[in-house]
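Can you look at this prediction? I've put the sequence above it.
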Amino acid sequence: MTVTKYWQAINQALHEEMARDDSVIVIGEDVAAPGGPFAATKGLLESFGPDRVRDTPISEAAIVGAALGAAMAGYRPVVEVMFLDFVTVAMDQVVNQAAKVSYMSAGNFSAPMVIRSICASGRRTGPQHAQNLEAWLAHVPGLKVVWGSTPADAKALLKAAIRDDGPVYVIESLAEWSTRAEVAEGEEIVPIGSAAVRHEGEDLTVVTWGGAAPRVATAVDLVHDVSVEVIDLRTISPWDRETVLGSVRKTGRLLVVHDAVVEFGVGAEIAATVATECFDQLRAPVRRLGAPYAPAPFAPQLEEAYLPHPEAITREITRTVQTVRNAS
Amino acid sequence: MTVTKYWQAINQALHEEMARDDSVIVIGEDVAAPGGPFAATKGLLESFGPDRVRDTPISEAAIVGAALGAAMAGYRPVVEVMFLDFVTVAMDQVVNQAAKVSYMSAGNFSAPMVIRSICASGRRTGPQHAQNLEAWLAHVPGLKVVWGSTPADAKALLKAAIRDDGPVYVIESLAEWSTRAEVAEGEEIVPIGSAAVRHEGEDLTVVTWGGAAPRVATAVDLVHDVSVEVIDLRTISPWDRETVLGSVRKTGRLLVVHDAVVEFGVGAEIAATVATECFDQLRAPVRRLGAPYAPAPFAPQLEEAYLPHPEAITREITRTVQTVRNAS
Amino acid sequence: MTTTRDARTSIGRDLALDLYQTMMTIRRFETIAGELFAAGRLPGFIHLSIGQEAVAAGVCAALEDTDYITTTHRGHGHCIAKGGRVTEMMGELYGREGGYALGRSGSMHIADNAVGILGANAIVGGGIPMAVGGALAAQLAGHRQVSVSFFGDGAVAEGVAHECLNLATLWKLPIVFVCEHNGYAEMTPVSTHLANPDVTQLAAAYGMNATAVDGNDVAAVLAVSREAVARARNGGGPSFVQARTDRWRGHFEGDPQRYRPREEVQAMTDRDPIAAWRSVLGAEHGVSDDELDSMDDRITAELTSAVEKAEAMPLSDPAGLTRFVYPEASR
Amino acid sequence: MTTTRDARTSIGRDLALDLYQTMMTIRRFETIAGELFAAGRLPGFIHLSIGQEAVAAGVCAALEDTDYITTTHRGHGHCIAKGGRVTEMMGELYGREGGYALGRSGSMHIADNAVGILGANAIVGGGIPMAVGGALAAQLAGHRQVSVSFFGDGAVAEGVAHECLNLATLWKLPIVFVCEHNGYAEMTPVSTHLANPDVTQLAAAYGMNATAVDGNDVAAVLAVSREAVARARNGGGPSFVQARTDRWRGHFEGDPQRYRPREEVQAMTDRDPIAAWRSVLGAEHGVSDDELDSMDDRITAELTSAVEKAEAMPLSDPAGLTRFVYPEASR
Ligand SMILES: Cc1ncc(C[n+]2csc(CCOP(=O)(O)OP(=O)(O)O)c2C)c(N)n1
Ligand SMILES: Cc1ncc(C[n+]2csc(CCOP(=O)(O)OP(=O)(O)O)c2C)c(N)n1
Ligand SMILES: [Mg+2]
Ligand SMILES: [Mg+2]
């Protein structure tokens, strides 16, 4: 274990996987010579050379598709689509092509590839650079979606993603870029699909992930009268139903907290599933906390109000626990 | 009232709105001289001339964006993105640009434009032509999403969409293309955001829309022992919460039926909202019926099994009504 | 433009017959598919390349099994020419368990790892980046494989095509872009969808070799393809081939084609690539009409058998509906 | 290339001073913004166009208020040159209620209907289709307005740029595509991102007039812009202008620029478009250094006041967070 920053953990994962497996290649805008727009790919070019580490033009559709073709032909490309918002120009390649290759060929081809994007929520990047679009990706059969909220998870999930035989979308939090924490050297892998229970509790289950997870942690530290169980989903699709449902069966209450717009967000899937599966155990209505129905605003005071901040989370925790079932 | 086919109703809406308002223009692939790949724009070129009705290259991003620019500059473009699956190549223009123009300019600009796409579910068009992507669009603040399941609604919603001052995504069902029903001539407008109660009932609320709505209607005709209230959402975003919540408060049960993949679909938002808002009234767990977690398959027997068919719907209706609350 | 005479001289009798066989197999496959579709036996939509067979045959004759191709909604011909198995193809058109994709995908998504068919594609332009990726893999592996992307004139208006031309040139990838230029994007003529209908000029602007060829002349297509493929194999980077050809049928089967006069299609049949090649076979290789007729019969028999086998295949099993959403085995 | 001498002769003293004033306003606006950013007073990221001012000034001097522009993440200069108000711009950079977008949008999304700024854009290539749409509206309305899209060399690799070149040429739209070619896409040099760095060749292939110009020579930029704008106004369709220029700063403020040697930036300052124009003003229009210095002072004063006003603006009000998600009033 060494103390490592979030971005360095990502960097380590790339270094380790490229060293381990010759078929891993890295392509993207500014990833080679500049070492990545935010340094995540630093040193890869020097270590693995210009064939395996390539700067690309600003052509997200072509580079995602090229990664796909290379994956079908035996490589394990890791392609960087710088900000998650930019996947909008490569959506066909992600959704219609990469995610469906295995299915459409009945397993004759597979697409062992990773797409990495930053989500910049909380960094004042404005309406076209701070979207939380994980709900779109999760709605696509065949595409796995992971998002580590800690340096250790960012690293371990990326490694798992690279080793997965299908396409995995890896989201990374720019707001956590310089967060330091203990990270294992070498072979720590978080299996895709496994959530982490960050905090055990009895009264309420809070499910969160990605950019919201650190704010949930802060909030939980502020709450003293409620025993909160916090689950960091880590994998958004396929999500860890067992862990979440098991927890809600115990606590009887659910609050989902995410940075995406509430409406039609990932929280809806989790809340709806829990509402169905834990119907008899629920002691209070399932609740969701997320961004209001608006694009991500730029100004700090607006973005603060937009994203679920710790005070709002504690308020919602209290509110959820205080709701009592009326006669039905 | 005259009996009109679904596609003719769309065609009428376009004719009437172009005649009413000079600023309405129609652009898209094959929409002018050929009269539309499926005849929806038939006769527009002849009636309104080549300036206002334009065939375009296969450049969805450019044409959606051009429609946006023209909308910002005072026109009301109706742009056709042939199949809903193809919006993946224009997603930036739809989501980052059109949907956000009003917000990003604090109202200095608006984008009164319509994007029309066919959803071809049920027509054996395979994994890249039969996706139900309404959940993506609904997750985008600023974008309204409507989907008429009858000729009358297809017409009235399209007219409302054209008159709306913001961007509206209009989805149309290819499977209903030749369905005939009574359609008002002229000024029938369905306000965006208003659902239709297709069938009143006491035991269970079924919420549906688009391609699934006709199959729900068939199913309900097959069910005799349960009193079912059927709501056709018509507008997916912003959806008619009052009508749905009011109905579930009465029936105590909810089943959402849609053709999209269940996971992270629109049904999740409705089920989660109902689970929260009608917690005290729910007599059974909210349920969702939709496509399994797989791309849309091609073969008829596979697609039949993939989409919620009437028998599956009746089974789910019965199941939902039979569930009883256990002690909690 | 390579002249037909130059091109022909490098083609021996066997190869000449192979080219004929490929073209005729495509023609018959699609004619039969069209009939089956009209008879209501095939679900969905199908798009035929009748009239365009020389492009598929000529290009693929320059390729090895290990080379890659991607193609389009109008891709039966390319798949057949690249070595795709007609029975599994037919089974897929029928939506049967014995089809290439167990009926999941239909006519627009034929893929076969064994012969380098990375896939047909129902998204216009959608397959081009995948071919670039095949070329990238080939370059990385040092296998001297070549990747070919087939696409139509309509696809040239999709931005992703240009991204690929730029990227392939920058990276000197072993790829050949083959634009099958039939003058239509669905019902829209090229004059309405491309500002410059000579796509070689767009491609050449990136700095790659770009050649126009008569796409109805299989020898000419083969000649330019060989040149382009050799360039790619030798590290010379990408090439662009524009093959002008004719779509005899509607955009899809059932298309009433009100947007063009009957005479236009009539004139196309006068440029029939197969009839033309039949004459060459007779005149230059002394192949008799009888020999060709019996080859035609063998082809018809093979395809009739493929249809019979497809009809005998079980329907795709809904129990397997969610199989292969994720890959089942690791590589 | 239009020679500088030809270009200059058509510029009178007033216009010459206007061009200077525009360039200097951009330079000072951005210098101040850079300082404010370094001091931690501006949130988010900002991208400066210092060194590129002659493109914005030269192109926009050929435009009317009613003409449209779209621009990019590096768009302050274009917005200022098109008549954007510096106080509202500064307020937006600060994220204040008095900013153009009430603080919602920041530096990369300045828009102003009153002077035809359809918007800056944070998606590379994302604004180009919008400009095409402005041109479409102009064409439909018969207003003889012109639309200009500013974008960088990096944006040329985005497919949508090509879709727009094709569409605009097909429809003969009144648009000028202005590629501000500073040789970099973020940290990546043009040799790594464009197969053919001479973008005029790509544009010309569509059949439109495409001209390269020294983007550091404001007179030359104005001259080619006037030509292109006149062509557009007279129904002659689109033009393409490639203006080679220099980005003196990092991609964004705070970029350590390890990817290029200091000398490269040093050499750029020797090609300073403003210094060059100052000499012209002196030599050809007899404008004294004093006159220019006092103009500089007035500009600085105006911008200092803009900063003061911005600092005095209330913070954006979170109560209005969801306002304008849908347009509030019908047109
Ligand atoms: C992204 C996308 N847009 C539109 C379509 C609908 N479409 C299918 S084929 C076609 C025309 C293609 O023309 P071309 O590339 O010339 O190929 P051809 O059909 O002539 O072989 C269109 C518009 C599609 N499948 N994908
Ligand atoms: C679709 C998309 N991809 C990537 C980016 C990240 N990005 C912002 S600016 C930029 C470089 C743009 O280069 P160029 O077009 O030459 O403009 P310049 O910065 O040189 O003015 C990149 C890659 C983006 N904003 N949008
Ligand atoms: Mg074509
Ligand atoms: Mg640049």
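Ah, there it is. Numbering: from 1, shown residues only, chains lettered A, B, ... in the order given. Ligands and ions are numbered 1, 2, ... in the order given.

Could you pull up the residues touching the nearest residue to A:Ala299 once chain neighbours are set aside?
What sits nearest to A:Ala299 in space, not counting adjacent residues and going by CB to CB, 6 or more residues apart in numbering or on different chains, is D:Gly95, at 2.9 Å. Where C-beta positions appear, they are placed from N, C-alpha and C, glycine not excepted. Shown in contact with D:Gly95 (CB atoms under 8 Å, 6 or more residues apart in numbering or on different chains): A:124, A:298-302, D:43-44, D:103, D:106, D:315-316.

can you do 10 Å?
A:124, A:126, A:297-303, D:42-44, D:101-107, D:310, D:313, D:315-316 (CB atoms under 10 Å, 6 or more residues apart in numbering or on different chains).

Of the residues you listed, select the buried ones using a ChimeraX command.
Buried residues among these (16 or more other CB atoms under 10 Å in any protein chain shown), as a ChimeraX selection:
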select /A:124,126,297,298,299,300,301,302,303 /D:42,43,44,101,102,103,104,105,106,107,310,313,316
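
and stretch A:144-155, what's its mean pLDDT?
If you average the pLDDT over stretch A:144-155, you get 98.

Is there proximity between it and chain C?
Yes: against chain C, stretch A:144-155 shows contacts by CB under 10 Å from any CB of the partner chain at A:Lys144.

now the helices for the stretch 151-300 of chain C?
Remark: helices assigned in the stretch 151-300 of chain C by DSSP state H, counting those that start in this stretch are C:159-170, C:190-193, C:199-204, C:218-233, C:262-269, C:273-285, C:289-312.

Deepest-packed of these, please.
Most buried of the helices of the stretch 151-300 of chain C by mean neighbour count (mean count of other CB atoms under 10 Å in any protein chain shown) is helix C:159-170; its value is a mean of 29.

returning to that earlier point: looking at the contacts of D:Gly95, which are in strands?
Among those, none falls in strands (DSSP state E).

Could you count how many residues lie near A:Val101?
Neighbourhood size, A:Val101 [other CB atoms under 10 Å in any protein chain shown]: 29.

Same question for A:Glu16.
Quick note: A:Glu16 (other CB under 10 Å) scores 18 neighbours.

can you give me how far stretch A:167-181 is from the chain middle?
Computed by CA atoms, centre = their mean, to the nearest Å, the chain-centroid distance of stretch A:167-181 equals 8 Å.

got the buried residues for it?
A:167-177, A:179, A:181.

cool, stretch A:20-36 as well?
For stretch A:20-36, a neighbour-count test (16+ other CB under 10 Å) marks A:23-36 as buried.

ok, now stretch A:269-285?
A:269-279, A:281-285.

quick one, what contacts residue 69?
The chain I'm using is chain A. Going by CB under 10 Å, 6+ apart, A:Gly69 touches A:75, A:77, A:93, A:97-98, A:101, A:111, A:113, C:68, C:70, C:118-119, C:127-138, C:147, C:149, C:175.

You answered for a different chain; I wanted chain C.
Taking CB under 10 Å, 6+ apart, we find C:Ile69 in contact with C:56, C:59-60, C:63, C:75, C:78-79, C:81-84, C:112, C:115-120, C:127, C:130-131, C:134, C:146-150, C:176, C:178.

Hmm, C:Lys183 is touching C:Asp153, no?
For residue C:183 the amino acid is Gly, not Lys. Yes: counting by CB atoms under 10 Å, C:Gly183 touches C:Asp153, with 6.6 Å between them.

Have a look at these two and say which one is more surrounded.
Higher neighbour count among C:Gly183 and C:Asp153: C:Asp153, with 24 against 21, using other CB under 10 Å.

bridging residues for the closest residue to that one other than its chain neighbours?
With CB to CB, 6+ apart as the criterion, C:Asp153 has its nearest non-adjacent residue at 4.4 Å, and that residue is C:His181. Beta-bridge partners recorded for C:His181 (DSSP bridges): C:Arg244.

what's the neighbour count on C:His181?
Residues near C:His181, counting by other CB under 10 Å: 28.

Grab the nearest non-local neighbour of C:Val316.
Let me fix one detail, which is that residue C:316 is Ser and not Val. C:Gly103 (3.2 Å).

show me what contacts that neighbour?
C:Gly103 is in contact with A:106, B:297-303, C:43, C:91-97, C:313-317, C:320, counting by CB under 10 Å, 6+ apart.

any idea of the pLDDT on the residue of chain C found nearest chain D?
In chain C, the residue that lies nearest chain D is C:Gly159 (2.0 Å; CB to the nearest CB). You'll see C:Gly159 listed with a pLDDT of 98.

so it makes contact with A:Ala62?
Yes: counting by CB under 10 Å, C:Gly159 does reach A:Ala62; the two are 9.1 Å apart.

list the residues that contact both of those two?
Jointly contacting C:Gly159 and A:Ala62 under the rule CB under 10 Å, 6+ apart are D:157-159.

what's the closest of the residues you listed to B:Lys155?
D:Gly159 (35.2 Å; CB to CB).

How about the contacts made by that closest one?
Residues near D:Gly159 by CB under 10 Å, 6+ apart: A:59-62, A:89, B:59, B:61-62, B:89, C:125, C:157-166, D:125.

residues near whatever residue of the stretch 1-150 of chain A ends up closest to ligand 4, how many?
Here the residue of the stretch 1-150 of chain A nearest ligand 4 is A:Ile58; by CB to the ion that distance is 9.5 Å. Residues lying near A:Ile58 (other CB under 10 Å) number 27.
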